[in-house]
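**Q** Starting from these lines, generate the structure:
(one chain, ligands or ions: 1)
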Amino acid sequence: MQVLHDAPLAPLTTFRLGGPAARLVTASTDAEVIAAVREADDSGTPLLVIGGGSNLVIGDKGFDGTALRIATRGVELRGTTLELAAGEVWTDAVARTVEAGLAGVECLAGIPGSAGATPIQNVGAYGQEVSSTITEVIAYDRRAGETVTLTNEECAFSYRHSRFKADPERYVVLRVRFELEAADGLSAPVKYAEAARALGVEPGDRVPLADARATVLKLRAGKGMVLDAEDHDTWSAGSFFTNPILTEEQFAAFRARVRERLGQDAEPPAYPAGEGRTKTSAAWLIDKAGFTKGYGTGPARISTKHTLALTNRGGATTEDLLALAREVVAGVREAFGVTLVNEPVTVGVGL
Ligand code: EPU
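**A** Got it, this is the predicted structure:
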């Protein structure tokens, strides 16, 4: 176990933002993770768990406690079952499943971050969510003081949400188990219209796994959603806001507001999101509220490739980023009456 004092955290985040941690512990086995968590909890020290740092906004003052970096490794592939240590790099794991001819996570290629973070916000893209393939999550339960195994159902997954996100102080994910599908080298049925179009197939068709992965990587890169140290458009946390889910009543009011503002033929994006609920597009709302691609003049700006990604152009502070985020939230609320909610976890700061 490595322990550093007054350690910079910004390099551990994809935003490259935030002040130092009083203490930074790097744990490379489950036992080390558990020992570090117990030590913090026993001494009443605040704990911040850091995986890939791809969904994390740390305040400029940093973190006055123990930051625990999960650096555990382990990929076990047996038949169609995959078990990943929390610290595994997610994109590498996806590449492994594609090589092994297994379907179920190929559309989650190119998502930055660690395997252990995927159940927390039920990572999803291009028609797949980890909730469809995760069978069990092994976690350290800080309340019970023991390691527990949660079934898929117990994880209470929904859109960008789970039991872990609902109760962030309780669990530290150690391992994640997936059940994949052997479909003769083919992908799962392609659900996302944009991906199907790019692949030249109909939604619901299967394609060679490697094609699905390559197409998703290309689509993501076109939106600035594949990390590249040289490209400031990718110094982000991916989507900064979740897509709003509205009740029928809220959607009707929203649609009326859209028509008032953008003309009687205007139609907001709408996707079914379960009983009586409609998901609309945060990227669209931001765009139509006047925050177009590349918006901003300071060191924190909207990505030039996708309005949902806020980016650090280099030299930004967390306050710069938050000022932009607050401006966007206020502008969208004023234009359309919808309040955007941030997707990344904030530490020591809020919108
Ligand atoms: N749009 C704009 N302007 C833009 C970009 C998009 O108006 O600059 C509108 C378009 O109407 C477009 C719609 O937004 O059709 C949806 O855009 P996109 O297909 O890129 O999807 P998204 O809803 O913006 C979500 C996820 C992404 C995921 C993609 C693909 C959330 C919060 N975001 O983005 O996930 O990669 O779908 O499945 O659900 C992430 O969570 O960090 C993330 C990158």
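**Q** do you know how far the residue of the chain most remote from its centre is from residue 256?
**A** Distance from the C-alpha centroid of the chain, by CA atoms, centre = their mean, peaks at residue 264 (35.2 Å). Between residue 264 and residue 256 the computed distance is 10 Å (CB to CB, to the nearest Å). Every C-beta, even on glycine, is put in place using the N, C-alpha and C of the backbone.
**Q** Which one of the residues in the stretch 201-350 of the chain is closest to the ligand?
**A** Per CB to the nearest ligand atom, residue 238 is where the stretch 201-350 of the chain lies closest to the ligand, at 2.5 Å.
**Q** Touching, that residue and residue 117? I think so.
**A** No: using CB atoms under 8 Å, residue 238 is not in contact with residue 117; the gap is 11.6 Å.
**Q** So for those two, which residues contact both of them?
**A** 54-55 (CB atoms under 8 Å, 6 or more residues apart in numbering).
**Q** how near is the nearest residue to residue 80 once chain neighbours are set aside to residue 149?
**A** Among residues not flanking residue 80 along the chain, residue 180 sits closest, at 4.9 Å (CB to CB, 6 or more residues apart in numbering). As judged by CB to CB, residue 180 and residue 149 stand 19 Å apart.
**Q** Between those two, which is the more surrounded one?
**A** residue 180 (20 against 13; other CB atoms under 10 Å).
**Q** Write out the residues of the stretch 151-300 of the chain neighbouring the ligand.
**A** Proximity of the stretch 151-300 of the chain to the ligand (CB under 6 Å from any ligand atom) is limited to residues 192, 194, 223, 225, 238-239, 242-243, 269, 281, 283-284, 287, 293.
**Q** and the end-to-end length of stretch 73-87?
**A** From its first residue to its last, stretch 73-87 covers 6 Å (CA to CA, to the nearest Å).
**Q** Following element in sequence after the strand or helix carrying residue 256, please.
**A** Per DSSP states H and E: residue 256 is located in helix 248-262. Using DSSP H and E, the helix or strand that follows helix 248-262 in sequence is strand 271-272.
**Q** Identify all contacting residues around whichever helix or strand comes after that following strand.
**A** Along the chain past strand 271-272, the next helix or strand (assigned with DSSP H and E) turns out to be strand 277-279. Residues outside strand 277-279 that contact it (CB under 8 Å, 6+ apart): 159, 243-248, 251, 270-273.
**Q** Please apply the same query to stretch 19-35.
**A** Outside stretch 19-35, the residues touching it (CB under 8 Å, 6+ apart) are 1-10, 36, 45, 48, 58-73, 85-87, 140, 147, 172, 174-175.
**Q** Next: stretch 201-221.
**A** By CB under 8 Å, 6+ apart, stretch 201-221 touches 94-95, 98, 101-103, 106-110, 125-126, 183, 185-196, 198-199, 226.
**Q** Filter those down to just the ones in helices.
**A** 94-95, 98, 193-196, 198-199 (DSSP state H).
**Q** hmm, which two among those are most spread apart?
**A** 95 and 193 (24.9 Å; CB to CB).
**Q** Which one's more surrounded, these two?
**A** A direct count of neighbours by other CB under 10 Å for residue 95 and residue 193 places residue 95 higher, at 16 against 12.
**Q** pretty sure that one is touching residue 110, no?
**A** No: using CB under 8 Å, residue 95 makes no contact with residue 110, being 10.0 Å away.
**Q** follow-up on the earlier one: possible to save the contacts of strand 277-279 as CSV with pLDDT and neighbour count?
**A** Output for the contacts of strand 277-279, formatted as CSV (pLDDT from 0 to 100; neighbours: other CB atoms under 10 Å):
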residue, pLDDT, neighbour count
159, 95, 16
243, 98, 21
244, 98, 21
245, 97, 18
246, 97, 20
247, 97, 12
248, 96, 11
251, 97, 20
270, 97, 14
271, 95, 11
272, 94, 9
273, 94, 16
